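K.L.:
Got a sequence here, can you build the structure:
(chains A and B)
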Amino acid sequence: GEEVAQTPKHLVRGEGQKAKLYCAPIKGHSYVFWYQQVLKNEFKFLISFQNENVFDETGMPKERFSAKCLPNSPCSLEIQATKLEDSAVYFCASSQSRDYGYTFGSGTRLTVV
Amino acid sequence: DQQVKQNSPSLSVQEGRISILNCDYTNSMFDYFLWYKKYPAEGPTFLISISSIKDKNEDGRFTVFLNKSAKHLSLHIVPSQPGDSAVYFCAASRAAGNKLTFGGGTRVLVKP
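P.N.:
Residues are numbered from 1 along each chain as shown, chains lettered A, B, ... in the order given. Coordinates of the predicted model:
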């Protein structure tokens, strides 16, 4: 399809629980990006993939965050042992190449209580 | 270190008038710039982009201007419509497939 599909839309986890978010990029798009939006609209880059390979992971808190993009499966972002500060909206975006822009999904709102 | 800044958190404009949104960047390695519009509870929607080899790009009511020497870009919306009320983000990247670095957003309110 022509949209980036993110599931679930909302996710509530108790502190210390695991959270897993999914993203189906637009078919034919080679690049996938994950961003975290916290207070005051700030978007923080987490990780990007070129096909199933990690392209840039400089934004990932590696001790608890992991991500995968496997062939024929939605991409996933997993947070082990969630903390209150992980509460945010997580956006996925995909791109064919930057000349065509980056298409964002509608996000997953994670609330850690 | 905020590499992309939108210094105006909000802007109010009358319907039919021009909206001008500004964005400054510090990293001279950025060579591709984009503007996104975002409604509450939705993802950012791509509006318009510009490569560093250009200084202007137009698409309908939207025009983006780039001043590389000043490391400044602006988005002009004319005429502004009530449906344009949203948060607008400026973003920049360094190379193909590279991550976007976002500004903090400007909330635009277009009054009927």
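
K.L.:
For chain B, which residue gets nearest to chain A?
P.N.:
Chain A sits closest to residue B:43 of chain B, with a gap of 3.5 Å, by C-beta to the nearest C-beta. Glycine gets a C-beta too; all of them are placed from N, C-alpha and C.

K.L.:
show me what contacts the residue sitting nearest the centre point of chain A?
P.N.:
The residue at the geometric middle of chain A, judged as the C-alpha nearest the mean C-alpha position with C-alpha atoms, centre = their mean, is residue A:34 (3.6 Å). For residue A:34, the contact set (C-beta atoms under 8 Å, 6 or more residues apart in numbering or on different chains) comprises A:23, A:45, A:46, A:47, A:48, A:67, A:75, A:77, A:90, A:91, A:92.

K.L.:
quick one: the helix or strand the third one falls within near chain B?
P.N.:
Applying DSSP states H and E as the criterion places residue A:46 in strand A:43-50. Yes: with C-beta under 8 Å from any C-beta of the partner chain as the criterion, chain B is reached by strand A:43-50 at A:43, A:45, A:48, A:50.

K.L.:
Pull the number of nearby residues for the residue of chain B closest to chain A.
P.N.:
For residue B:43, the tally of surrounding residues (other C-beta atoms under 10 Å in any protein chain shown) stands at 21.

K.L.:
Now do the contacts for it.
P.N.:
Contacts of residue B:43 were listed using C-beta under 8 Å, 6+ apart, and they are A:4, A:6, A:91, A:93, A:104, A:105, A:106, A:107.

K.L.:
give the contact list for the closest residue to the first one other than its chain neighbours.
P.N.:
If you skip the residues right next to it in sequence, residue A:4 has residue A:105 as its closest partner in space, 3.8 Å away by C-beta to C-beta, 6 or more residues apart in numbering or on different chains. For residue A:105, the contacting residues are A:3, A:4, A:5, A:6, A:23, A:91, A:92, A:93, B:43, taking C-beta under 8 Å, 6+ apart as the criterion.

K.L.:
list the contacts for the closest residue to chain B within chain A?
P.N.:
At 3.5 Å from chain B, residue A:104 is the closest residue in chain A, using C-beta to the nearest C-beta. Residues touching residue A:104, when contacts are defined by C-beta under 8 Å, 6+ apart, comprise A:4, A:91, A:92, A:93, B:36, B:43, B:44, B:45, B:46.

K.L.:
Swap in 6 Å and give it another go.
P.N.:
Residues in contact with residue A:104 (C-beta atoms under 6 Å, 6 or more residues apart in numbering or on different chains) are A:91, A:93, B:43, B:44.

K.L.:
For residue A:63, state which of the residues you listed is nearest.
P.N.:
residue A:91 (22.1 Å; C-beta to C-beta).

K.L.:
Need the CA coordinates for stretch A:9-18. PDB is fine.
P.N.:
Backbone C-alpha positions of stretch A:9-18 (Å, rounded to 0.1, in the frame of the first residue of the first chain) are rendered in PDB as follows:
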ATOM      1  CA  LYS A   9      -1.800   2.800  17.800                       C
ATOM      2  CA  HIS A  10      -1.600   2.900  21.600                       C
ATOM      3  CA  LEU A  11       0.300   0.700  24.000                       C
ATOM      4  CA  VAL A  12       0.400   0.800  27.800                       C
ATOM      5  CA  ARG A  13       3.100  -1.000  29.800                       C
ATOM      6  CA  GLY A  14       4.000  -1.200  33.400                       C
ATOM      7  CA  GLU A  15       7.500   0.000  34.300                       C
ATOM      8  CA  GLY A  16       9.900  -2.900  33.600                       C
ATOM      9  CA  GLN A  17       7.700  -4.600  31.100                       C
ATOM     10  CA  LYS A  18       8.600  -5.200  27.400                       C
END
